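*Asks:* 3D model of this:
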Amino acid sequence: MSVIDASRRPALQVPEAASARLRVGSYNVMDGGQDRWSGQLRLLASLNLDLLGIQEAKHWDRTDYARVHETAEALGMQPLFAPSRSHGCHLVLFYRWPRIQCRRFRADISCGRFHHAASRAQFTVDGVDEPLWVLHTHLHPFSPAVRLTEAGWLTEYANPDRLAVIIGDLNTGGLMDKDPDDWDQVPAHLHSRHRLVLPDGSYGGSDRRAMSALTKAGFVDPPEQLGMEPPRTAGHWGRGSEPYDRRSDFVLLSRRLAPAVHDHRVVDTAETQRLGDHLPVITSVDLVRRKPRLL
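*Replies:* Numbering: from 1, shown residues only. Down below sits the predicted model:
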């Protein structure tokens, strides 16, 4: 029996009262999923997401994009593929048609200037009278300075007149997140990935300038909106070189969409900890509660 047959299951029925609710997910599957992919697929099918951003879809373009289409069929969703410039860490954005319909899609908003990629899609959602813009990205893993530059390509979508979402592995923490209790947990040669470089060449705390740029532009971090402590999305992978709890994976919302947040969670279980070095993030928004346009 194929992986698809083993993983396929009927979509859950959405109650009428929740018909305007969207479940938005982000998941870095780690090197394409490799031998973990079938487990990841079963997990994703169980989450009944409406929008899903996959990062590190390595080799998913092989054999005429077979894995992209197998995954879409198993999830009952439609795919939008964005190639990465580096390491084959492609992006795939899945959406649940026909409830959500894609009106526009651009696989590369920056003309090749991202280390990985950033795509943009415009969707219409049943029962919602204005478009939803979705940015899907994977920011630079090694350089906070480059992450800040990449964030500059995304800030304009925080326009207060738009319903907009950023989905992705941003390789930085949120502004509410704590620094490690002891930076010695991180090998010294990797500190430049995470910390501010001071004028004398020494390091300060976490470099969150990219996240600061996004939030000051108008994007909202759901845990902050909900008044909850941000759950980790990475740090559990025992074979990793950075074994400290942290956030890297986000669903950020424009200010017009932020009041619609219903729930935010990270699927942090023994199973998901075995499936890769990132954990799935899910944010639910109730579009009937979105902020009205300013007149």
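*Asks:* list the buried residues in stretch 160-180.
*Replies:* Across stretch 160-180, burial judged by 16 or more other C-beta atoms under 10 Å covers 162-174, 177, 180. All C-beta atoms are positioned from the backbone trio N, CA, C, and that covers glycine.
*Asks:* what of stretch 134-145?
*Replies:* For stretch 134-145, by 16+ other C-beta under 10 Å, it's 134-141, 143-144.
*Asks:* mean confidence score for it?
*Replies:* The average pLDDT for stretch 134-145 rounds to 97.
*Asks:* okay, how far is it across it, tip to tip?
*Replies:* With C-alpha to C-alpha, to the nearest Å as the measure, stretch 134-145 spans 24 Å from end to end.
*Asks:* ok, residue 160 - contacts?
*Replies:* 218, 254-256, 294 (C-beta atoms under 8 Å, 6 or more residues apart in numbering).
*Asks:* counting neighbours, what do you get for the nearest residue to residue 220 once chain neighbours are set aside?
*Replies:* Leaving out its chain neighbours, the residue that sits closest to residue 220 by C-beta to C-beta, 6 or more residues apart in numbering is residue 258, at 3.8 Å. Residues within reach of residue 258, counting by other C-beta atoms under 10 Å, total 20.
*Asks:* can you check the one 4 residues further on too?
*Replies:* Residue 262 has 16 neighbouring residues, counting by other C-beta under 10 Å.
*Asks:* looking at this, it is in a strand?
*Replies:* Yes - under DSSP: H, G, I helix; E, B strand; the rest coil, residue 262 sits within a strand.
*Asks:* so how far is residue 20 from it?
*Replies:* 10 Å (C-beta to C-beta, to the nearest Å).
*Asks:* I'd say the residue nearest to residue 220 and residue 225 touch.
*Replies:* Yes - Residue 258 is in contact with residue 225 according to C-beta atoms under 8 Å; the separation is 5.1 Å.
*Asks:* what does the helix or strand hosting residue 137 contact?
*Replies:* Using DSSP states H and E, the element containing residue 137 is strand 132-138. The contact list for strand 132-138, computed with C-beta under 8 Å, 6+ apart, reads 28, 51, 53, 55-56, 82, 84, 89, 91, 93, 109, 114, 116-125, 150, 154, 157, 162-171.
*Asks:* need the helices for the stretch 151-295 of the chain, in chain order.
*Replies:* 209-217, 222-226, 270-275 (DSSP state H, counting those that start in this stretch).
*Asks:* from the middle of its chain, how far away would the first one be?
*Replies:* Right, the one you point to is helix 209-217. Mean C-alpha position of helix 209-217 versus that of the full chain (C-alpha atoms, centre = their mean, to the nearest Å) differs by 16 Å.
*Asks:* ditto for stretch 227-241
*Replies:* 14 Å.
*Asks:* quick one: mean pLDDT for that stretch?
*Replies:* Stretch 227-241 comes out at a mean pLDDT of 87.
*Asks:* hmm, who's touching that stretch?
*Replies:* Against stretch 227-241 from outside (C-beta under 8 Å, 6+ apart): 174, 176-177, 186-187, 190, 221, 223-224, 242-249, 264-266, 268, 273, 276-279, 281.
*Asks:* nothing else from me, thank you.
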